[in-house]
Each structure stands twice: as C-alpha cells, then as structure tokens.
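>>> predicted model, plus sequence, below.
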Amino acid sequence: MIEKITQPVLENTERTQIMLVPSLKDAAHDDVFPQPPLPAIDNERVWCFANPSTIMLQEITIAITTTDILFDMSKTGATAFG
C-alpha cells in the first residue's frame, strides 16, 4: 500500500527522499504512544521512523512527532491568558 503512494513521487523526482512517521489516527497501527516505525520499504530514498523520533541532518537535530500538542492544549484551555 505504501509503495503505491511513494512510487509516483520517486519516479518523478531524482533527489526527493520520503520520511514516513506513523500517526495515532492510522488504521494500520494500534492507538498507543510511542509507536514503532512503519514496515521498512525496499528503497534507499524512503525512510521509516518511530513516533516520536529524533534525526540528525548534518549538524542539526530534528524532533519528529505526529501528535499535535498545540491543538490539544487549545482544546483544554491551557493557552488561556490571565
């Protein structure tokens, strides 16, 4: 299934790399956090990460998650002033 989505992108680009991170809303994953990575794809341009993850690109560390903490905080009133 994932190959059907990634293949057209990879065929039409030369340098694009795809990073896949599972979501708590995915039908294919249990609704638990943290989540393991999606099954590996046999393509060196497709990367599968756990949720949450950290990656390093050269000297920059990037944190990745599909959890929308700002949306959750806004629903609880945690961002109210005064």
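Great, that's in hand.

>>> quick one, helices of the chain?
Per DSSP state H, the chain carries helices over the ranges 2-11, 69-76.

>>> just to check, residue 62 is in contact with residue 49?
No. Look at residue 62 against residue 49 with CB atoms under 8 Å: they stay out of range, at 10.4 Å. Any C-beta I mention is one placed from the backbone N, CA and C, and that applies to glycine too.

>>> okay, these two: which has more neighbours?
More neighbours sit around residue 49 than around the other of residue 62 and residue 49, counting by other CB atoms under 10 Å; the figures are 18 against 10.

>>> ok, now how distant is the more buried one from residue 76?
28 Å (CB to CB, to the nearest Å).

>>> tell me, please, the helix or strand in the chain that averages the lowest pLDDT.
Of all regular secondary-structure elements in the chain, judged by mean pLDDT, DSSP states H and E, the least confident is helix 69-76 with a mean of 77.

>>> run through this protein and note the low-pLDDT ranges.
29-30, 77-82 (pLDDT under 70).

>>> taking the centroid of it, which residue is nearest it?
residue 21 (2.5 Å; CA atoms, centre = their mean).

>>> that one: what's it in contact with?
Applying CB atoms under 8 Å, 6 or more residues apart in numbering, one finds that residue 21 lies in contact with 37, 38, 49, 50, 51, 53, 64, 65, 66.

>>> ok, and the most crowded of the residues you listed?
When neighbours are taken as other CB under 10 Å, the top entry among the contacts of residue 21 is residue 51 (20 neighbours).
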